[in-house]
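>>> I need the structure of the sequence given here:
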Amino acid sequence: MYVARVYVTLKPTVNDPQGLTIRGALHSLGFADVESVRAGKYLEVSLAAKSRGQAEKQLTEMCRKLLANPVIEDYRFELEELVST
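You can find the predicted model right below:
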């Protein structure tokens, strides 16, 4: 069993209105030192894959097909094998 932590972020060249709104709100709360904010998505996916390679292949396909929009978003994931006790 594997658990993946998937991080999806806007590409650096894509405007991030949500990040700008968050930055403005932080400034209004007195956090004037905040220069920029980029918003994204975090997902956890559990997989019953037979091998690490198979899990990585499946995750890459999931990200390309559904979890991230490859036109405007980048993704990365961390994969951890859960050891049963």
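>>> low-scoring stretches of the chain, by residue?
85 (pLDDT under 70).
>>> residues near Ser36, how many?
Neighbours of Ser36 under the rule other Cβ atoms under 10 Å: 9. Placement of C-beta: from N, CA and C, glycine included.
>>> hmm, it is touching Arg23, no?
Yes - taking Cβ atoms under 8 Å as the definition, Ser36 is a contact partner of Arg23 at 6.3 Å.
>>> host element of Tyr75?
Using DSSP states H and E, the element containing Tyr75 is strand 73-81.
>>> that strand packs against which elements?
strand 2-10, helix 52-62 (3 or more Cβ pairs under 8 Å, 6 or more residues apart in numbering; DSSP states H and E).
>>> out of the ones you listed, deepest packed?
Greatest average neighbour count among the helices and strands packed on strand 73-81 goes to strand 2-10 (a mean of 17), per mean count of other Cβ atoms under 10 Å.
>>> in the helix or strand following it, which residues are buried?
Downstream of strand 2-10, the next assigned helix or strand under DSSP H and E is helix 17-28. Buried positions in helix 17-28, judged by neighbour count with 16 or more other Cβ atoms under 10 Å: Gly19, Ile22, Arg23.
>>> so who does the residue nearest to Ala68 when sequence neighbours are not counted touch?
Once flanking residues are discounted, Ala68 sits nearest to Tyr75: 4.1 Å by Cβ to Cβ, 6 or more residues apart in numbering. For Tyr75, the contact set (Cβ atoms under 8 Å, 6 or more residues apart in numbering) comprises Val6, Tyr7, Val8, Thr9, Cys63, Leu67, Ala68.
>>> so who does the second one touch?
Tyr7 makes contact with Gly40, Lys41, Tyr42, Tyr75, Arg76, Phe77, according to Cβ under 8 Å, 6+ apart.
>>> report the two of the residues you listed separated the most.
The span of the contacts of Tyr7, defined through Cβ to Cβ, is set by Gly40 and Phe77 at 12.8 Å.
>>> re the thing from before, nearest to Ser28, of the helices and strands packed on strand 73-81?
For Ser28, the closest of those is strand 2-10, at 23.0 Å, according to Cβ to Cβ.
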